[in-house]
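J.: sequence first, then the predicted structure:
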Amino acid sequence: MIVEVDDLWKRYGRLHANARSPRVGEPAVEALQGLRFGIPEGSAFALVGPNGAGKTTTIKVLVNLLTPSRGRASVFGVDSRALSPRELADIGYVSENQDLPGRLTVAEYLAYLRPFYTRWDRTLETTLLRDMQLPLSRRIGDLSHGMRIKMALVCALPFRPRLLILDEPFAGLDPLVRDELIRGLLDQAGELTLLISSHELNEIEGLATDVGFLHAGRLLFQEPMSRLSNRCREVYVTLDAAARVPEPLPPHWLQPRADGNVLMFVDTQFSDESLGELVRTVCDGVRHIDARPMTLRSIFTSLAPAARDGVLP
């Protein structure tokens, strides 16, 4: 694993000296609560969840901008609290709110960056500039929001980082710019590991190979995208008579509802071979069964409530 997180906690809130409780009037906030996950080398791991879920806090702990209250995080096998310039030189970073020197032109800033990285690839830089259509003579402060994100990516890739962190990189971008950025990242697939944080699930669906769902500082679940997509289906069962939600319901059938003679539910352990037999065991007068693939957003809205309640099948 290129990144490993083990029982990671981060508390905000000042404490009394030699005390374990926060000051009166300053309640502690547990921004991270026992996170555990790993990121395989060469993967594109998406850490998704609503704003305030703890995504940026996790990233700041990984690059030693924040110290964990408890637990451990490591990058390249090194504890995040002990990262040296050598490890940090292998980490790229792109954010929607990234600070770039607005008074410099695109060409001037790239010329400033190159001497800091012994592995800077001028051929890759030229390719990225061409593909992203960045004007070398324009001041960075005069670039649009989408062009500044492109600029941040062009600055982060030519030194060939082993790990590239993307913190809400696609927020506020129009679909065309977003697709251009994703194409640029996919062109580098296999050569680097991606950690992507996002609250917009549709943005990362075609990019992520693995996904972890974060809510209120807790990781609800982590899974390869292929397995998650294969095991979740929206199922529509057409019956001969008026439908009703069967009791007891198989535990991996979520969000059941009946409408006319159609029973609908989300099957979180979908199997082509066993679905028909199970449906006919639970329901009488089955006329037709339709199992439909789900978007990542639909999967999340189905699984997240069950995970929060501790009943995820």
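T.: Okay, I see it.

J.: can you show me the helices along the stretch 101-250 of the chain?
T.: With helices called from DSSP state H, counting those that start in this stretch, the stretch 101-250 of the chain shows them at 106-113, 122-132, 145-156, 175-186, 201-204, 225-231.

J.: closest one to S302 among these?
T.: Closest approach to S302 among the helices of the stretch 101-250 of the chain is made by helix 225-231 (11.0 Å; C-beta to C-beta). C-beta here means a position set from N, CA and C on the backbone, and glycine is covered the same way.

J.: which elements pack onto the closest one?
T.: Packed against helix 225-231 by the contact rule (3 or more C-beta pairs under 8 Å, 6 or more residues apart in numbering; DSSP states H and E) you find strand 210-215, helix 296-308.

J.: returning to what we had before: out of the helices of the stretch 101-250 of the chain, which gets nearest to V266?
T.: helix 225-231 (10.6 Å).

J.: so, low pLDDT: which residues of the stretch 1-150 of the chain?
T.: Along the stretch 1-150 of the chain, the model assigns pLDDT under 70 to residues 14-27.

J.: oh sorry, the question was meant for the stretch 201-313 of the chain
T.: 308-313.

J.: re the thing from before, of all the helices and strands packed on helix 225-231, which lies closest to L192?
T.: strand 210-215 (14.6 Å).

J.: still on that earlier bit, now render the helices of the stretch 101-250 of the chain as a markdown table, adding distance to M294 and mean neighbour count.
T.: A markdown table is the format used below for those (distance: least, C-beta to C-beta, whole Å; neighbours: other C-beta atoms under 10 Å):
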| stretch | distance to M294 | mean neighbour count |
| --- | --- | --- |
| helix 106-113 | 41 | 16 |
| helix 122-132 | 32 | 15 |
| helix 145-156 | 29 | 21 |
| helix 175-186 | 21 | 16 |
| helix 201-204 | 11 | 20 |
| helix 225-231 | 7 | 15 |
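
J.: now tabulate those helices in a markdown table and tack on distance to P305.
T.: Output for those, formatted as a markdown table (distance: least, C-beta to C-beta, whole Å):
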| stretch | distance to P305 |
| --- | --- |
| helix 106-113 | 45 |
| helix 122-132 | 40 |
| helix 145-156 | 33 |
| helix 175-186 | 28 |
| helix 201-204 | 15 |
| helix 225-231 | 16 |
